[in-house]
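Enquirer: Got a predicted structure here, sequence first:
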Amino acid sequence: MSIAELPPLVHPAQELTRDEAERYSRHLILPGFGVTAQLRLKNARVLVIGAGGLGSPALLYLAAAGIGTLGIVDEDTVEASNLQRQVIHTAADVGKSKAESARAAVLALNPLVEVVLHEEHLDAENVLAIFSGYDLILDGTDNFATRYLVNDAAEILGKPYVWGSILRFDGQVSVFWGAYGPTYRDLYPEPPEPGAVPSCAEGGVLGVLCAQIGSVMVNEAIKLITGTGCTLLGRLLVFNSLDMSWREVGLRPGPERVPVTELIDYQSFCGLTPAAETTAVPSIGVAELARLLADRRAGRADFDLLDVREPGEHDIVSIDGADLVPRAGILSGSVVPDPLRTVYVHCKSGGRSAEVTAFLRSRGHEHTYNVSGGVLDWVHEVEPHKPVY
């Protein structure tokens, strides 16, 4: 048996109701699929991590396909900037729980699906308990720490998962299952340097790319559950939306890969500054920054103000007098501010700038301070005529 040809993941349910037979009739008449495959979908329990860009189309198509139980992991709320790509939410959902909004959309599409919400941050303390209640996981998260956490938890529990990734104009999809083939650690044995790969919130993403990659993820989920066709286990599918090309990269388990038997500190593994350290860095608010900038213009103060966002973010809105120095350049050591000068650091909302501030202070830059609230607070409190994103 090829590692891409796998037995059905889920046993079939006993029967379809009359309403289910009508709803899923186009599946039932598919050669090689039919009633048995649909009964497997009905019996399946699938967990989707994130009701965001990839989770939105994935949840809708999983629900439409007739998955019996859908779990949703998401602790965020809907923001206006999500609506460009997170099609499971609407303008009326802004400010609401993403998980609740997604559940409402799923049930509006298919009330026959059971939806279970996990409105909590996924971490090493809860991931095994959450995963244990599902047959299959779909991971569309956009940070490396969570990706390694998902991979390791799935391997420990012996569960397969479908992985998708999007950034700017490109996407990737694969299936990982340590019991039969490669895992995420075979694709990326080591995480990239902190800040080297921006998130979608930092680097942007073409909205429709979410649908293209998300639908492939659901296709793989259906094949795994039903045992239909050949999955992407052992293959990485790479999509470039600008030239509309798909290419395949073969994957095999690494000969030196050690099986995962326990969870680790994924923030440290990915070289990220612990949250406790970033929240403890010395900070100022935007009102204080406005006063300092006025003093600098008047010649009464001398300091540097660094904007550690990405160029695209800076093009939307910026603080006059700030120098654009993206986070990755500082964390990689390619850009080193003068350690003798006073430096204030800002980003969009204060998270990345706190990380950079902690990083610089740990390397002897004693006069470095975070601007809490970032450019969002600046626009809200100081220059309300400027746009936000």
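Expert: That came in fine, so what should we check first? Residues are numbered from 1 along each chain as shown.

Enquirer: can we go C-alpha only for contacts and neighbour counts from here?
Expert: Fine.

Enquirer: center of the protein, which residue is that?
Expert: Closest to where the C-alpha atoms of the chain average out (CA atoms, centre = their mean) is Thr141, at 2.1 Å.

Enquirer: would you list every one of the helices in the stretch 101-250 of the chain?
Expert: Along the stretch 101-250 of the chain, counting by DSSP state H, counting those that start in this stretch, helices occupy 127-131, 144-157, 184-187, 200-203, 207-226.

Enquirer: Can you add distance to Phe176, mean pLDDT and mean neighbour count and give those back as JSON lines?
Expert: Below are the helices of the stretch 101-250 of the chain laid out as JSON lines (distance: least, CA to CA, whole Å; pLDDT from 0 to 100; neighbours: other CA atoms under 10 Å):
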{"stretch": "helix 127-131", "distance to Phe176": "15", "mean pLDDT": "98", "mean neighbour count": "16"}
{"stretch": "helix 144-157", "distance to Phe176": "8", "mean pLDDT": "98", "mean neighbour count": "21"}
{"stretch": "helix 184-187", "distance to Phe176": "6", "mean pLDDT": "96", "mean neighbour count": "20"}
{"stretch": "helix 200-203", "distance to Phe176": "23", "mean pLDDT": "87", "mean neighbour count": "16"}
{"stretch": "helix 207-226", "distance to Phe176": "11", "mean pLDDT": "98", "mean neighbour count": "23"}
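
Enquirer: Any chance of those in CSV with distance to Val249 as columns?
Expert: Compiled in CSV, those are given as follows (distance: least, CA to CA, whole Å):
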stretch, distance to Val249
helix 127-131, 28
helix 144-157, 19
helix 184-187, 10
helix 200-203, 23
helix 207-226, 16
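
Enquirer: And these: which comes nearest Val388?
Expert: Closest to Val388 of these is helix 200-203 (CA to CA; 12.8 Å).

Enquirer: can I assume Glu100 sits in a helix?
Expert: Yes: applying DSSP: H, G, I helix; E, B strand; the rest coil, one finds Glu100 inside a helix.

Enquirer: wait, what's in contact with it?
Expert: By CA atoms under 8 Å, 6 or more residues apart in numbering, the residues touching Glu100 are Leu117.

Enquirer: need the strands for the stretch 51-200 of the chain, in chain order.
Expert: 69-73, 114-118, 136-139, 161-167, 170-176 (DSSP state E, counting those that start in this stretch).

Enquirer: Show the pLDDT at Pro274.
Expert: With respect to pLDDT, Pro274 has a value of 69.

Enquirer: actually Ala280, sorry about that
Expert: 84.

Enquirer: go on, Val73?
Expert: Looking at Val73, the pLDDT reads 98.

Enquirer: Okay, now the unreliable bits of the chain?
Expert: 1-4, 273-278 (pLDDT under 70).

Enquirer: how does it look with 90?
Expert: Along the chain, segments meeting pLDDT under 90 span 1-6, 193-203, 254-258, 271-280.

Enquirer: I'd like to know how far Tyr24 sits from Ala37.
Expert: Noted for Tyr24: a distance of 11 Å to Ala37, by CA to CA, to the nearest Å.

Enquirer: mind giving me the domain split of this structure?
Expert: 18-269, 275-381 (automatic domain parsing).

Enquirer: gap between the two ends of the first one?
Expert: So that's domain 18-269. 51 Å.

Enquirer: how far is it from where the chain is centred?
Expert: Between the mean C-alpha location of domain 18-269 and the chain-wide mean there is a distance of 10 Å, by CA atoms, centre = their mean, to the nearest Å.

Enquirer: ditto for the shortest one
Expert: Distance of domain 275-381 from its chain centroid, counting by CA atoms, centre = their mean, is 25 Å.

Enquirer: The residue nearest to the centre of the chain and Arg147 touch, don't they?
Expert: Yes: counting by CA atoms under 8 Å, Thr141 does reach Arg147; the two are 6.8 Å apart.

Enquirer: Show me which positions of stretch 315-330 end up buried.
Expert: By neighbour count on 16 or more other CA atoms under 10 Å, the buried set for stretch 315-330 is Val317, Ser318, Ile319, Ala322, Leu324, Val325, Pro326, Arg327, Ala328, Ile330.

Enquirer: can you redo those as CSV with secondary structure?
Expert: Below are these laid out as CSV (three-state DSSP):
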residue, secondary structure
Val317, coil
Ser318, coil
Ile319, coil
Ala322, coil
Leu324, strand
Val325, coil
Pro326, coil
Arg327, helix
Ala328, helix
Ile330, helix
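
Enquirer: which one of those residues sits closest to Arg252?
Expert: Nearest to Arg252 among these: Ala328, at 30.7 Å, using CA to CA.

Enquirer: tell me the contacts of the closest one?
Expert: Counting by CA under 8 Å, 6+ apart, Ala328 has contacts Pro194, Gly195, Ala196, Val197.

Enquirer: for Ala124, same thing?
Expert: Leu149, Leu263, Ile264, Asp265.

Enquirer: Which of those has the largest number of neighbours?
Expert: Sorting the contacts of Ala124 by how many neighbours each has (other CA atoms under 10 Å) puts Leu149 first, at 21 neighbours.

Enquirer: I'd guessed that one sits against Asp123; true?
Expert: Yes: the criterion here is CA under 8 Å, and Leu149 meets it with Asp123 at 7.3 Å.

Enquirer: Leaving out the residues flanking it, which one is nearest to Gly164?
Expert: Val173 (4.5 Å; CA to CA, 6 or more residues apart in numbering).

Enquirer: From Lys159, how far off is the one you found?
Expert: 17 Å.
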